[in-house]
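# Here's a sequence, model it:
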Amino acid sequence: MTLLFIGTQELLIIALIILLLFGGAKIPQLMRGLGKGVKSFKDGMNGKDEEEGKGEK
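As a prediction, the model looks like this:
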């Protein structure tokens, strides 16, 4: 699997570094915050598109 030319070994090293920096207890909190941020961004984009659609009618 390559994602932007990053192999599996590189991804494992990055994950290990993140685990060492933040610890096991903080990672779920970080992922939860990231998920909420993405959801908020998507909701904002959808809301903006709906407002533009209402103005055209």
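# Near Ile6, how many other residues are there?
By the measure other C-beta atoms under 10 Å, the count of residues near Ile6 is 12. (Each C-beta comes from the backbone N, C-alpha and C, glycine too.)
# May I ask which helix or strand encompasses the closest residue to it other than its chain neighbours?
Excluding the flanking residues, the one nearest Ile6 by C-beta to C-beta, 6 or more residues apart in numbering is Ile14, at 8.0 Å. Following DSSP states H and E, one finds Ile14 within helix 8-22.
# Compute the number of surrounding residues for Phe41.
As a burial measure, Phe41 scores 10 neighbours (other C-beta under 10 Å).
# what's the distance between it and Leu30?
Distance, Phe41 to Leu30, using C-beta to C-beta, to the nearest Å: 17 Å.
# Next: Phe22.
6 Å.
# Make sure Leu34 is indeed in a strand.
No. Under DSSP: H, G, I helix; E, B strand; the rest coil, Leu34 sits outside any strand and is assigned helix.
# Tell me, what's the model's pLDDT at it?
With respect to pLDDT, Leu34 scores 87.
# All set, thanks.
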